[in-house]
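Peer 1: Sequence and predicted structure are below.
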Amino acid sequence: PLFEPRVPGFVHIPSPYPYRYEAPPGVSQGVAAADELERAIEREGADTVAMFLAEPVQGAGGVIVPQDDYFPRIREICDRHDVLLVADEVITGFGRTGTLFALDHWGVEPDIMQFAKAITSGYMPFGGIGISDRIAAALDADARVWMHAYTYSAHPAGCAVAARNLRIIRDEDLPGRCAVQGDRLLAGLRAALGDHPHVGDVRGKGLMCAVELVADRATKQPFLPERQGRTPRPAGGGGPGPVQPRQGRHLRARPRRRHHRRAGRPRRRHPRRRRPGRARVDVRAVLG
């Protein structure tokens, strides 16, 4: 596995993974997958579990879009056991999935949210966390100082870029545009690849989509490791957008969120340098 050995003290539960998660009879997939958390909390002891940390849409693991009843159930379980729900919105935040934050799709509010990247649209390194009023009140009521500063905390240049970018996201309704363009992207991927014998699933949320490759559609059998070759990554343009391979099992399509060009302002062309090893990709050609 990519990140082994794991840091001690962290317990993992199975992903909801609609394409592959097997729920027991009579229980919806989302509820069954969420109940994995409750069993883990009860097994470890609720007094030993501080938080549950999850990406609303799992990104690098294959763009796993959860079932609609998954995160509402997760919220219930966390509240019942007094466990904090922490959302990792580094990839999904600030419009990528069609809402400002991905958990908005299911009407769920986390206790803590971590974010980066999209708050500046990647033009400036910047990240942070957001906390609920309840956590903020607890910190304010304690006389002790919570030391959490880093060398570049509250960097003025990062803050300025983030503040301006947030206004653009709001004024140009980038979440709404990602929703519309994402529907078009997903429909196009399904139309072009949905019937391919080595495509098991085409899924996505907003401008965050993936194509799962399989050796056998009927059994969902993945390709053997020796057949999971790596495809070249496109430099951009031509086709649905940047297509990234993931360990030979997934092709991820995550086009850039585009700002509107102001009326009357000429389009500036910049020379584009290709990174070594990159090439334009025709997904049909890759799949054969």
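Peer 2: Okay, I see it. Residues are numbered from 1 along each chain as shown.
Peer 1: lowest-pLDDT helix or strand in the protein?
Peer 2: helix 283-287 (a mean of 45; mean pLDDT, DSSP states H and E).
Peer 1: For His196, give its distance to Leu213.
Peer 2: Distance of His196 to Leu213, computed by C-beta to C-beta, to the nearest Å: 9 Å. The way it works is simple: take the backbone N, C-alpha and C, and place the C-beta from them, glycine included.
Peer 1: Ignore what I typed, I meant Trp106.
Peer 2: The separation that Trp106 has from Leu213, given C-beta to C-beta, amounts to 28 Å.
Peer 1: which of these two has more neighbours?
Peer 2: In terms of neighbours (other C-beta atoms under 10 Å), Leu213 is the more surrounded of Trp106 and Leu213; the figures are 24 against 19.
Peer 1: pretty sure the more buried one is touching Val199, no?
Peer 2: Yes. Using C-beta atoms under 8 Å, Leu213 and Val199 qualify as a contacting pair, with a distance of 6.6 Å.
Peer 1: which element follows the top helix by length along the chain toward the C-terminus?
Peer 2: Looking across the chain with DSSP state H, the single longest helix is helix 174-193. Using DSSP states H and E, the helix or strand that follows helix 174-193 in sequence is strand 199-204.
Peer 1: List the strands paired with that following strand, with their directions.
Peer 2: Using DSSP bridges, the strands paired with strand 199-204 in its sheet are strand 209-213 (antiparallel).
Peer 1: in the stretch 51-200 of the chain, which spans are strands?
Peer 2: Counting by DSSP state E, counting those that start in this stretch, the stretch 51-200 of the chain has strands at residues 51-54, 84-88, 112-116, 127-131, 199-204.
Peer 1: Please convert those strands to a markdown table, extending it with mean neighbour count, mean pLDDT and distance to Leu174.
Peer 2: Conversion of the strands of the stretch 51-200 of the chain to a markdown table gives the following (neighbours: other C-beta atoms under 10 Å; pLDDT from 0 to 100; distance: least, C-beta to C-beta, whole Å):
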| stretch | mean neighbour count | mean pLDDT | distance to Leu174 |
| --- | --- | --- | --- |
| strand 51-54 | 18 | 98 | 24 |
| strand 84-88 | 21 | 98 | 19 |
| strand 112-116 | 19 | 97 | 15 |
| strand 127-131 | 14 | 94 | 19 |
| strand 199-204 | 21 | 96 | 17 |
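Peer 1: Switch those strands over to JSON lines; also include distance to Phe101.
Peer 2: Conversion of these to JSON lines gives the following (distance: least, C-beta to C-beta, whole Å):
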{"stretch": "strand 51-54", "distance to Phe101": "13"}
{"stretch": "strand 84-88", "distance to Phe101": "7"}
{"stretch": "strand 112-116", "distance to Phe101": "7"}
{"stretch": "strand 127-131", "distance to Phe101": "9"}
{"stretch": "strand 199-204", "distance to Phe101": "17"}
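Peer 1: And these: which comes nearest Asp183?
Peer 2: When the strands of the stretch 51-200 of the chain are ranked by distance to Asp183, counting by C-beta to C-beta, first place goes to strand 199-204 at 9.2 Å.
Peer 1: For the closest one, give me every contacting residue.
Peer 2: Taking contacts as C-beta atoms under 8 Å, 6 or more residues apart in numbering, the residues outside strand 199-204 that touch it are 18-19, 63-65, 182, 185-186, 189-190, 193-194, 209-214, 217, 220, 253, 287.
Peer 1: In PyMOL, how would I select the buried members of those?
Peer 2: Typed into PyMOL, the line below selects the buried ones among those, using 16 or more other C-beta atoms under 10 Å:
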select buried, resi 18+63+64+65+182+185+186+189+190+193+209+210+211+212+213+214+253
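Peer 1: can you give me the helices for the chain?
Peer 2: Under DSSP H, the chain gives helices at 29-44, 70-81, 133-141, 156-171, 174-193, 283-287.
Peer 1: CA atoms only for the fourth one - export them in CSV, please.
Peer 2: Pointing back at helix 156-171 there. What follows is helix 156-171 as a C-alpha-only set of coordinates in CSV (Å, rounded to 0.1, in the frame of the first residue of the first chain):
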residue,chain,number,x,y,z
PRO,A,156,-0.4,38.4,4.1
ALA,A,157,0.2,37.5,0.4
GLY,A,158,-1.6,34.2,0.8
CYS,A,159,-4.5,35.9,2.6
ALA,A,160,-4.8,38.6,0.0
VAL,A,161,-4.9,36.0,-2.9
ALA,A,162,-7.4,33.9,-1.0
ALA,A,163,-9.7,36.8,-0.2
ARG,A,164,-9.7,38.0,-3.9
ASN,A,165,-10.2,34.5,-5.2
LEU,A,166,-13.2,33.9,-2.9
ARG,A,167,-14.9,37.1,-4.3
ILE,A,168,-14.4,35.7,-7.8
ILE,A,169,-15.8,32.3,-6.8
ARG,A,170,-18.9,34.1,-5.4
ASP,A,171,-19.3,36.8,-8.1
